[in-house]
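Student: Have a look at this fold, sequence not included:
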């Protein structure tokens with residue numbers, strides 16, 4: 001099974017505040033509508049390759065059916081999702097690899113323009129996209145669910161290319177990733193910004209962060225293992241730093257990253273330029 005990152009869900013106590021943060025750094029958002037159960041709604045930062053950052057919040061009518069603790073705490077990245085062509089086949093492969101599955105479950109939302117969007121999702125492992133990604137297969141045309149924002153199509157950004165998952169047991173989590181996705185042996189590096197040891201599966205779209213203390217250790221205590229950082233690929237980091245509000249470039253093993261310069265984003269959302 002390939003890791004084709006479909007989207008990353010980021011949780012916000014106030015979706016409009018999330019939209020304002022993204023707009024402030026040069027990432028335009030599009031309101032996506034309310035989910036079918038009415039407990040959450042969302043906006044999208046749509047990237048040129050069709051991946052997207054979801055800004056999800058509680059509508060206030062009921063306890064959110066998705067990531068309620070993350071939403072209440074305004075916690076940012078909460079889950080990640082991979083796109084599959086055949087959900088049934090993906091679940092069979094996961095079961096054959098010894099990974100627990102749940103689903104598929106049908107879901108959807110109505111866009112503000114009245115278009116109904118439908119899809120099916122399934123959980124890999126024990127939770128909805130916390131460590132292993134959840135899977136999605138569209139039941140309506142994918143362009144109904146996500147259209148790249150026109151202001152980003154001509155940018156140097158391509159799409160979400162790497163998700164960093166927070167865990168205190170990287171060895172235990174490496175095994176299901178390897179069984180499911182055939183990831184390479186991880187590269188290990190220390191990342192001062194994260195105050196963590198990073199176990200990075202080069203070219204696979206995922207890395208594991210083992211906190212040494214500080215903010216990420218507190219986050220792990222509060223929420224358990226879950227995504228803690230998201231990187232969007234750029235073909236030219238220097239040009240992207242001129243276009244978007246980004247901090248200084250930093251080393252990311254052989255690659256370079258810069259983090260969006262906004263208090264609500266700088267701890268977890270960045271841009272990466274790969275050396276290849």
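Tutor: Yes, it's here. No experiment lies behind these values; they were computed from the predicted model shown. Residues are numbered from 1 along each chain as shown.
Student: Would you mind measuring from the most far-flung residue of the chain relative to its centre to residue 142?
Tutor: In the chain, the greatest distance from the average C-alpha position (CA atoms, centre = their mean) is reached by residue 114, at 26.4 Å. Look at residue 114 and residue 142: by CB to CB, to the nearest Å, they are 18 Å apart. C-beta coordinates here come from the backbone N, C-alpha and C atoms, glycine included.
Student: For stretch 126-146, list every residue counted as buried.
Tutor: Within stretch 126-146, the residues scored as buried using 16 or more other CB atoms under 10 Å are 127-138, 144-146.
Student: So which of those belong to strands?
Tutor: 134, 135, 136, 137, 138 (DSSP state E).
Student: want to throw those residues into JSON lines with distance to residue 150?
Tutor: Shown next, in JSON lines, are those (distance: CB to CB, whole Å):
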{"residue": "134", "distance to residue 150": "29"}
{"residue": "135", "distance to residue 150": "29"}
{"residue": "136", "distance to residue 150": "24"}
{"residue": "137", "distance to residue 150": "26"}
{"residue": "138", "distance to residue 150": "21"}
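Student: and of those residues, the nearest to residue 97?
Tutor: Nearest to residue 97 among those: residue 135, at 13.3 Å, using CB to CB.
Student: Tell me the pLDDT of the closest one.
Tutor: Note on residue 135: pLDDT of 97.
Student: ok, now which ones touch it?
Tutor: 81, 82, 83, 84, 87, 90, 91, 121, 122, 124 (CB atoms under 8 Å, 6 or more residues apart in numbering).
Student: Find me the pLDDT at the fourth one, would you?
Tutor: With respect to pLDDT, residue 84 scores 95.
Student: which residues does it contact?
Tutor: The contact partners of residue 84, taken as CB under 8 Å, 6+ apart, are 1, 4, 90, 135, 136, 137.
Student: Now flag whichever of those is closest to residue 106.
Tutor: residue 137 (10.3 Å).
Student: hey, where'd the strands end up in the stretch 1-150 of the chain?
Tutor: Using DSSP state E, counting those that start in this stretch, the strands found in the stretch 1-150 of the chain span residues 5-11, 30-35, 40-46, 52-58, 76-83, 101-110, 116-124, 134-138.
Student: Using JSON lines, please lay out those strands together with distance to residue 274.
Tutor: JSON lines is the format used below for these (distance: least, CB to CB, whole Å):
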{"stretch": "strand 5-11", "distance to residue 274": "15"}
{"stretch": "strand 30-35", "distance to residue 274": "27"}
{"stretch": "strand 40-46", "distance to residue 274": "20"}
{"stretch": "strand 52-58", "distance to residue 274": "19"}
{"stretch": "strand 76-83", "distance to residue 274": "19"}
{"stretch": "strand 101-110", "distance to residue 274": "32"}
{"stretch": "strand 116-124", "distance to residue 274": "26"}
{"stretch": "strand 134-138", "distance to residue 274": "25"}
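Student: Residue 254 is nearest to which of the ones you listed?
Tutor: The closest of those to residue 254 is strand 5-11. By CB to CB, the value is 20.5 Å.
Student: what's that closest one packed up against?
Tutor: strand 52-58, strand 76-83, strand 157-166, strand 226-234 (3 or more CB pairs under 8 Å, 6 or more residues apart in numbering; DSSP states H and E).
Student: what's the spacing between the second one and its chain's center?
Tutor: What it means is strand 76-83. Counting by CA atoms, centre = their mean, to the nearest Å, strand 76-83 is centred 4 Å from the centre of its parent chain.
Student: Good, we can wrap up now.
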